[in-house]
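Participant: Need a 3D model of the sequence below.
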Amino acid sequence: MARPSIVPEILEKLEPWLEARMAEFQSQSEIRREPNLPSTVEGKINVRELTLALGLKRSQEQHFFNHNELRTLVNAAAQAQGLAPIGSRAEGDEKDASVRNRIARVTGDRNDLAATLAEREAVIQMQRREIQSLRSQLQLRDETGMVMRVDGQC
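Facilitator: Down below sits the predicted model:
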């Protein structure tokens with residue numbers, strides 16, 4: 001036999017509680033109106049505190065995420081008070097993921113560029129040594145008039 005849904009039990013507590021919070025919110029002067037729903041510092045609904053305020057068990061937090069009717073009620077009140085709704089973290093996570101992916105791409109590009117730069121610096125060092133050697137040979141030839149053989153060349 002299937003368990004009866006917990007949603008009606010939670011709705012029974014949630015609806016009057018939200019109505020009281022919204023009435024209290026509306027009674028504040030518009031200039032000093034501040035959200036009175038449980039929220040985080042970032043301005044998101046704090047489901048854990050909401051669950052505790054309703055006198056529910058902490059394990060019942062999941063129902064606000066899993067049941068659309070509960071989430072919709074809370075989100076309507078949250079948006080009216082200027083708070084981010086339940087589930088906004090998931091939206092933020094998608095944005096964060098795209099930012100992380102971009103950072104990873106940029107970091108990879110930077111690493112590739114750093115490796116290319118290091119290779120070019122090594123080539124430049126080698127060329128500088130070769131130029132210095134050739135200058136020394138030219139100076140010796142100019143001073144003595146003697147032609148030197150290097151690697152079988154004249």
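Participant: domains of the chain?
Facilitator: For the chain, automatic domain parsing gives the domain ranges 7-86, 88-144.
Participant: most packed of these?
Facilitator: Highest mean neighbour count among the domains of the chain (mean count of other Cβ atoms under 10 Å): domain 7-86, with a mean of 15. Where you see a C-beta, it was placed from the backbone N, CA and C, and this is true even at glycine.
Participant: Quick one: distance of the longest helix seen in the chain to the chain centre.
Facilitator: Determined from DSSP state H, the single longest helix within the chain is helix 88-144. Here helix 88-144 shows a centroid-to-chain-centroid distance of 28 Å under the convention Cα atoms, centre = their mean, to the nearest Å.
Participant: Over to stretch 32-39?
Facilitator: That offset, for stretch 32-39, works out to 26 Å (Cα atoms, centre = their mean).
Participant: hmm, who's touching that stretch?
Facilitator: Contact partners of stretch 32-39, identified using Cβ atoms under 8 Å, 6 or more residues apart in numbering, comprise 21, 24-25, 28, 43, 45-46, 48-50, 53, 74, 77-78, 81-83.
Participant: what do you get if the cut-off is 10 Å, keeping everything else the same?
Facilitator: Here stretch 32-39 makes contact (Cβ atoms under 10 Å, 6 or more residues apart in numbering) with 17-18, 20-22, 24-28, 43-54, 74, 77-78, 80-84.
Participant: Return the helix or strand in the chain with minimum mean pLDDT.
Facilitator: Least confident helix or strand, the chain: helix 88-144 with a mean of 85, by mean pLDDT, DSSP states H and E.
Participant: Could you report the distance from the closest residue to W17 other than its chain neighbours to V41?
Facilitator: Of all residues beyond its chain neighbours, the one nearest W17 is L54 (5.9 Å), with distances taken as Cβ to Cβ, 6 or more residues apart in numbering. Per Cβ to Cβ, to the nearest Å, L54 is found 22 Å from V41.
Participant: Could you do Q79 as well?
Facilitator: 18 Å.
Participant: Next: L50.
Facilitator: Distance, L50 to V41, by Cβ to Cβ: 16 Å.
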